[in-house]
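K.L.:
sequence and predicted structure are below.
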Amino acid sequence: MKLKIAYGQFREVVGVLEKLEIKGIPSIHRTRLINLITEKSKTVGEEEVQIRKEHCKLDENGELVVKDNNQLEVLDPEGLRDALTEFYNEKFIVDGGDSQVFLKSVKKSLEASEIEWSGRDAYVFAELYEGFEKDSIEESTDGSAE
C-alpha cells in the first residue's frame, strides 16, 4: 500500500488527520504519518523559496525582497504562478518498509470514522482516502482488493 498527497494539501491533510477521533495504536500510526508529512513539508518549503527566488527580486545577499506591505517583489508573476501551481500539484508518496503497517492502520481509521465531514474538510478527507493505493505486489500475493 502507498499513499500519494499533493504538496499543496499537506496542511489540510494534517488538519483532517488530527480531527480523527482515535486512540491507542491507531493514534500512534496517525502520528507517524503526520510526522512524515511534517518533515516533508519542511523540505517542500525550502524548495518553494527556491522557486520564488527564480521569479522575484533578490537583494544583494540573494534573499527575497519584501515590500512595505509585506509582499514579495515579483518580477514574473505569470511564471511564478505557473511554477508554483505545477510544484504544489506534485505528489509526496509514502510507501515501502515499515510504512505499510501505519498506512493500513490510518486507512482503516478513515474508514471507521464517524465524523460528519463538511465543507473543505469533506473534500480533503475524500482526497486523502483516495490517495491510498494498493501496490501491484500486494495484489498479486493476496488477491484481494481494499
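P.N.:
Yep, it's here. Predicted, not measured: the structure shown is a model, and the values here were computed from it. Numbers count the residues shown, from 1 in each chain.

K.L.:
how many neighbours does Ser105 have?
P.N.:
Residue neighbour count, defined by other Cβ atoms under 10 Å, stands at 19 for Ser105. To be clear about C-beta, it is placed using only N, CA and C from the backbone, and glycine gets the same treatment.

K.L.:
doesn't Arg32 make contact with it?
P.N.:
No - counting by Cβ atoms under 8 Å, Ser105 does not reach Arg32; the two are 9.0 Å apart.

K.L.:
the closest residue to Pro77 other than its chain neighbours: what's it in contact with?
P.N.:
With sequence-adjacent residues excluded and distances taken as Cβ to Cβ, 6 or more residues apart in numbering, Pro77 is closest to His55, at 7.7 Å. For His55, the contact set (Cβ atoms under 8 Å, 6 or more residues apart in numbering) comprises Val74, Leu75, Asp76, Pro77, Gly79, Leu80, Ala83.

K.L.:
without its sequence neighbours, what residue ends up closest to the last one?
P.N.:
This points to Ala83. Nearest non-adjacent residue to Ala83, counting by Cβ to Cβ, 6+ apart: Ile51, 5.1 Å away.

K.L.:
ok, now the fifth one?
P.N.:
Distances taken as Cβ to Cβ, 6+ apart put His55 closest to Gly79, at 5.1 Å, once the chain neighbours are dropped.

K.L.:
just the pLDDT at Gly97, thanks.
P.N.:
Each residue has a pLDDT score; the one for Gly97 is 78.

K.L.:
run a quick neighbour tally on it.
P.N.:
Gly97: 7 surrounding residues under other Cβ under 10 Å.

K.L.:
that one: which element?
P.N.:
Remark: Gly97 resides in no helix or strand, with elements defined by DSSP states H and E.
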